[in-house]
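Student: Fold the following.
(one chain, ligands or ions: 1)
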Amino acid sequence: MTSTHLAPEREVAAPLGDEEFLALKHDVDAWVRGAGEDFAEQIESTGVVPPELFQELKAHGFLGLAAPKRLGGRGIPFSQYLELMEIFSRSHASIRMLVHVINGTWRAMDDFATDAQRDQIVKPSVAGDVLVAFTLTEATAGTGADIRTTVRREGDTYYLNGEKHLITFGVNCDYWLLAARLEGTRGHEGTVALLVPNSGLPGAEVVDDSATMGVRGTDHAILRFTEVPVPVANRLGEEGDGLAVALGGFLLPSRISVAMSCVGLAERAQELAIDYATRRETFGKKLADRQAIQFYLAENYADIAAAKALVLQAAKAFETGAPDAAVLSSASKMIAVDMLSRVTDKALQVHGGQGYWKRNAIERVYRDARAQRFEEGTNEIQKLIVGRAVITGDVSN
Ligand SMILES: Cc1cc2nc3c(=O)[nH]c(=O)nc-3n(C[C@H](O)[C@H](O)[C@H](O)COP(=O)(O)OP(=O)(O)OC[C@H]3O[C@@H](n4cnc5c(N)ncnc54)[C@H](O)[C@@H]3O)c2cc1C
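Tutor: Modelled structure (predicted):
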């Protein structure tokens, strides 16, 4: 592999026709409600994602929906893809995570990959043959220009030192798409993005850290690197491009995708609450006939619809390259995660004490929902971005 930066042309995908798209949505919905639910139960009872799930998602073509055809994907435009993401998100969080991450990681790599990297890693990741873990967060530094993991270059080799944590798929992935910095640099200067093979490199320690509150089954890792040799040819882009790879064109659509995940999961919570309210009777009346419960369900309905409208606006802005796309992306995630917290809380409340028991799906939905408040940046960070734009009047930053 060479390190020449060969940015491909950005193609604008043609939307699928109404009939084809409706059929695809129907397929996804049927899978989520059928096989997806069986996998969800299996994951919750065993605590692991079975390898068959990955194979099943791959066989259905669900891992390459958003990537362009030239990378082997189906080339579905972003806003249509989000409608599919909405449906996947009604499923178990680990299923949602696999679909979201694999349909998105190519974006971080593609603009910076050499032809060789594209053939050896990007295209196989879209095909579901190679799993790439996004490896940015550190325990001792803020996420972004603060990162402390370093590389020292000697000839054609970087020597990698540092620690990453909370890394989804970090245990079982094939590559860590890892952000580090050249020794002695600070801030945005000298950052590098490396495709580090998870293949027992000397000095690389992988700690399985998968005991999470929700998103059960997906593996998460703490990674420690001590003088790990990584070929310079495994660098994406140039020295100095590290944060552009990790945060640049990738994060903007990814935040909108997470925001849509919130919409989908909230819809699932609402569906469970309506179902329970129409079944459970107290003092001779169905819960659904009580105004207090109707108010919860009405508030949820309005909350979900409002968030979804903003998510779709952000998606359109991204698709058309509108100058306010980045601000709308952060704003949509901000609104959607708060909406999800409210909706899942009320949906659980509708279930009464039953909702606290693992036998009811709302218990898992409630736990899974909490993770969304961290993924692709917390609301505190989204508010910094939106606040800065609002104060300066520059929505294009
Ligand atoms: C389920 C899950 C999966 C994840 N998967 C990955 C992954 O695959 N790869 C990866 O790299 N990371 C991953 N993460 C990490 C995630 O991106 C971070 O948790 C998130 O970005 C927040 O960073 P932090 O945990 O370091 O929190 P911290 O930075 O320690 O922040 C703690 C609190 O302080 C606030 N805060 C921090 N800095 C500021 C500031 N400047 N101004 C105001 N408030 C601030 C935060 O909003 C937060 O509320 C995952 C996290 C979760 C929960």
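Student: For residue 186, which three-state class applies?
Tutor: Secondary structure assignment for residue 186 (DSSP: H, G, I helix; E, B strand; the rest coil): coil.
Student: Check whether residue 365 really touches residue 271, as I assumed.
Tutor: No. Residue 365 lies out of contact with residue 271 (Cβ atoms under 8 Å); the separation is 9.7 Å. No exception for glycine: its C-beta is placed from N, CA and C like everyone else's.
Student: of the two, who's got more company?
Tutor: Neighbour totals were compared for residue 365 and residue 271, and residue 365 leads with 26 against 15 (other Cβ atoms under 10 Å).
Student: gap between the more buried one and residue 274?
Tutor: According to Cβ to Cβ, to the nearest Å, residue 365 stands 13 Å off from residue 274.
Student: cool, residue 309 as well?
Tutor: To residue 274, residue 309 is 21 Å away according to Cβ to Cβ.
Student: Between those two, which is the more surrounded one?
Tutor: Ranked by neighbour count (other Cβ under 10 Å), residue 309 and residue 274 place residue 274 first, with 18 against 13.
Student: is it true that the more buried one touches residue 297?
Tutor: Yes. Judged on Cβ under 8 Å, residue 274 makes contact with residue 297 at a distance of 6.2 Å.
Student: The residue nearest to residue 89 when sequence neighbours are not counted sits in which helix or strand?
Tutor: Leaving aside its sequence neighbours, residue 89 sits nearest to residue 264 (Cβ to Cβ, 6 or more residues apart in numbering; 2.7 Å). Using DSSP states H and E, residue 264 sits in helix 251-279.
Student: before we move on, the earlier item: what's the overlap in contacts for residue 274 and residue 297?
Tutor: Between them, residue 274 and residue 297 share these contacting residues under Cβ atoms under 8 Å, 6 or more residues apart in numbering: residue 288.
Student: Close to the ligand: what parts of this protein are there?
Tutor: Within the chain, the positions adjacent to the ligand are 133-137, 142-143, 166-168, 212, 215, 371, 374-375, 377-378, 380-381, 384 by Cβ under 6 Å from any ligand atom.
Student: Please convert the buried members of these into PyMOL selection syntax.
Tutor: Entered in PyMOL, the line below selects the buried ones among the residues of the chain next to the ligand, by 16 or more other Cβ atoms under 10 Å:
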select buried, resi 133+134+135+136+137+143+166+167+168+212+215+371+375+377+381
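Student: Among the residues of the chain next to the ligand, which ones are in helices?
Tutor: If you go by DSSP state H, the residues of the chain next to the ligand have 371, 380, 381, 384 in helices.
Student: the helices in this structure, which residues?
Tutor: Taking DSSP H as the test, the helices found in the chain are 18-31, 37-46, 51-59, 78-88, 93-110, 115-117, 123-127, 242-247, 251-279, 291-320, 325-350, 361-371, 379-392.
Student: got a markdown table for those helices, with mean pLDDT and distance to residue 188 too?
Tutor: Shown next, in a markdown table, are those (pLDDT from 0 to 100; distance: least, Cβ to Cβ, whole Å):
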| stretch | mean pLDDT | distance to residue 188 |
| --- | --- | --- |
| helix 18-31 | 97 | 39 |
| helix 37-46 | 96 | 39 |
| helix 51-59 | 96 | 36 |
| helix 78-88 | 97 | 27 |
| helix 93-110 | 96 | 17 |
| helix 115-117 | 97 | 23 |
| helix 123-127 | 97 | 27 |
| helix 242-247 | 93 | 6 |
| helix 251-279 | 97 | 15 |
| helix 291-320 | 97 | 23 |
| helix 325-350 | 98 | 17 |
| helix 361-371 | 97 | 28 |
| helix 379-392 | 95 | 16 |
